[in-house]
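Undergrad: Structure for the following, please:
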Amino acid sequence: AEPSRSEITEISSTLPEDILPPLLTERARSTLHIECCLKTHSTVRYDVIRGQVEKFLREFKTSLLCHSEITDFQDVALLKENVEYMIVAEAGSDTSDIQILENVDLDIHVYQLNEDDVVEEYQEEENVLTANYWDLPARALDGLWDNLIFDENIKTRLLDYVYTTILFADRNVNSNIISWNRIILLHGPPGTGKTTLCRAFAQKLSIRLAERYSHGKLFEINSHSLFSKWFSESGKLVQKLFQQIYDLIDDDDAFVCILIDEVESLAATRRSALSGAEPLDAVRVVNALLTQIDKLKQEKNVLILTTSNITEAIDIAFIDRADIKQYIGLPSQQAIYAILSSCIRELMRVRIIAEEEFLLDWRAVELYQHTNSIDNPSIRLYSICGKSYAHFLKSWATTTLKDFLKALEHVVDNETIGRKLTLENQGEGEACKMLINERN
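TA: Numbering: from 1, shown residues only. Below is the predicted model of the structure:
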């Protein structure tokens with residue numbers, strides 16, 4: 001028989017504490033993240049605000065609701081004068097909605113929003129937009145992260161990945177033994193929020209890493225602009241673009257996120273070049289881009305975010321380099337309900353919708369939808385979401401079981417899909433053909 005908890009405790013009490021596994025010592029405490037945005041005019045030091053916020057919460061709160069706003073700090077003069085808003089975020093791996101403060105550690109992130117608009121970079125000769133540039137955290141991206149809703153715990157997974165890369169860098173993990181490239185690939189149908197998630201993620205990192213990096217940068221590359229109509233000029237464009245990126249990375253106080261949107265456009269160009277439809281200059285451009293990306297993985301303050309609308313067209317070289325290959329699919333009925341209910345609450349807040357009806361959580365709606373009247377606003381909204389979900393499922397009505405299982409596999413095990421897309425030890429031209437044939 002297995003030993004009881006008391007027997008384990010008695011045995012463990014005779015052993016040195018530093019050799020015991022965590023489960024035999026004191027239970028690990030969760031870390032509750034609090035995000036505190038200062039007013040633009042505030043000049044108070046962040047550590048002073050951080051200490052005052054923790055003192056306020058410990059003295060006046062016994063528990064906090066995750067993903068909610070704290071509004072009752074107005075009685076504390078320093079906070080009233082300097083704090084614009086305060087948000088309770090997540091509690092690490094603990095998925096409980098309510099957190100008891102005596103059981104958690106508080107990680108308080110203090111920051112100020114940058115009021116500058118996005119800066120656009122253009123090619124001088126061809127007047128083509130090459131990149132967008134943000135100073136983070138930016139007012140234009142404020143609140144974006146919290147309003148993105150996905151079925152899977154995608155956002156937590158992305159944050160955990162970055163925390164892990166920072167830990168590896170701090171501990172000087174040998175990258176020749178444990179390799180990571182600082183690249184994330186989001187792929188899936190158009191309009192599912194991939195690019196928006198990348199921007200919101202960069203904004204979130206500038207907040208979460210504020211104690212380590214005083215500010216963040218987001219450099220969004222227009223992949224279509226990397227190919228010049230003039231022979232041999234494309235390579236110079238890539239070199240010039242990445243020189244700007246290296247200038248940003250040289251600032252050790254900045255965390256730099258690079259976003260390459262619609263990365264499949266690079267893959268299509270390379271395949272065309274290999275087949276003779278495009279000049280070999282295009283191949284050299286893509287190879288130069290991959291070389292520059294490989295160099296960036298040595299830097300501690302950079303992260304590369306990529307997106308693709310066409311999974312089948314993603315370049316094999318990008319698949320091989322991505323540490324995370326995350327499929328972003330169409331939302332479920334539950335996710336649609338969460339999205340629409342948040343929109344309705346916002347319209348109620350500004351009095352566009354006059355009747356302030358209380359909208360239930362989708363879990364409560366599923367529990368009560370068979371007992372309550374359809375006149376209940378929450379149940380009616382959930383029914384509408386079901387029709388919306390069924391609308392895009394209708395296109396699957398005549399699909400084969402084989403195709404359905406492939407699509408299901410995308411959602412359930414995106415990492416496996418990423419590995420399947422990586423055809424190791426194959427020639428690139430042959431690999432692309434095999435990938436297309438497999439998908440067809």
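Undergrad: Low-confidence regions, the stretch 1-150 of the chain specifically.
TA: Within the stretch 1-150 of the chain, the segments meeting pLDDT under 70 span 1-28, 124-126.
Undergrad: Can you tell me the SS state at G329?
TA: coil (DSSP: H, G, I helix; E, B strand; the rest coil).
Undergrad: Please report how far it lies from C385.
TA: 16 Å (Cβ to Cβ, to the nearest Å). All C-beta spots, glycine's among them, are computed from the backbone N, C-alpha and C.
Undergrad: With C198 instead?
TA: C198 sits 26 Å away from C385, going by Cβ to Cβ.
Undergrad: repeat for S30
TA: 32 Å.
Undergrad: Going by how many neighbours each has, rank those two and give me the top one.
TA: C385 (23 against 17; other Cβ atoms under 10 Å).
Undergrad: list the buried ones in stretch 162-174?
TA: Using 16 or more other Cβ atoms under 10 Å as the test for burial, stretch 162-174 gives 162, 165.
Undergrad: Name the residues that touch that stretch?
TA: Residues outside stretch 162-174 that contact it (Cβ atoms under 8 Å, 6 or more residues apart in numbering): 178, 180, 182, 205, 209, 212, 300, 303.
Undergrad: same question, stretch 73-84
TA: Contacts for stretch 73-84 (Cβ under 8 Å, 6+ apart): 36-39, 42, 44, 48-49, 52-53, 56, 86, 113.
Undergrad: From one end of stretch 246-256 to the other, what's the distance?
TA: 10 Å (Cα to Cα, to the nearest Å).
Undergrad: where does it sit relative to the chain's centre, distance-wise?
TA: Centre-to-centre, stretch 246-256 and its host chain are 20 Å apart (Cα atoms, centre = their mean, to the nearest Å).
Undergrad: Determine which two of the contacts of stretch 73-84 are furthest apart.
TA: Greatest spacing in the contacts of stretch 73-84, by Cβ to Cβ: F56 and L113 (21.5 Å).
Undergrad: doesn't I184 fall inside a helix?
TA: No - under the criterion used here (three-state DSSP), I184 is strand, not part of a helix.
Undergrad: since we're on E299, how many residues are nearby?
TA: 15.
Undergrad: domains of this protein?
TA: 25-111, 119-327, 336-394 (automatic domain parsing).
Undergrad: Buried deepest among these, which one?
TA: domain 119-327 (a mean of 18; mean count of other Cβ atoms under 10 Å).
Undergrad: End to end on that domain, go ahead and measure it.
TA: Taking Cα to Cα, domain 119-327 runs 30 Å from one end to the other.
Undergrad: Point to the residue nearest the middle of this protein.
TA: In the chain, the centroid-proximal residue (Cα atoms, centre = their mean) is F201; its distance is 4.1 Å.
Undergrad: tell me the mean pLDDT for the helix or strand containing that residue?
TA: Applying DSSP states H and E as the criterion places F201 in helix 194-208. The average of the pLDDT scores along helix 194-208 is 96.
Undergrad: packing partners for that helix?
TA: For helix 194-208, the packing partners by 3 or more Cβ pairs under 8 Å, 6 or more residues apart in numbering; DSSP states H and E come out as strand 104-112, strand 129-136, helix 154-170, strand 183-187, strand 215-222, strand 254-261, strand 302-308.
Undergrad: Would you format these as JSON lines with distance to V286 included?
TA: Putting the helices and strands packed on helix 194-208 into JSON lines (distance: least, Cβ to Cβ, whole Å) gives the following:
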{"stretch": "strand 104-112", "distance to V286": "37"}
{"stretch": "strand 129-136", "distance to V286": "16"}
{"stretch": "helix 154-170", "distance to V286": "25"}
{"stretch": "strand 183-187", "distance to V286": "15"}
{"stretch": "strand 215-222", "distance to V286": "13"}
{"stretch": "strand 254-261", "distance to V286": "12"}
{"stretch": "strand 302-308", "distance to V286": "13"}
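Undergrad: Tell me which of these lies nearest to R345.
TA: Closest among these, using Cβ to Cβ: helix 154-170, at 19.9 Å.
Undergrad: where's that closest one relative to the chain centroid, distance-wise?
TA: Using Cα atoms, centre = their mean, the offset of helix 154-170 from its chain centre is 11 Å.
Undergrad: Quick check: the gap between V83 and D250.
TA: 33 Å.
Undergrad: same check, this time on I178
TA: Applying Cβ to Cβ to I178 and D250 gives a distance of 26 Å.
Undergrad: Repeat that for E84.
TA: Distance, E84 to D250, using Cβ to Cβ: 31 Å.
Undergrad: for L305, same thing?
TA: Distance of L305 to D250, given as Cβ to Cβ: 20 Å.
Undergrad: next one: N301
TA: Using Cβ to Cβ, we find N301 at a distance of 10 Å from D250.
Undergrad: list the contacts for A335?
TA: 149-151.
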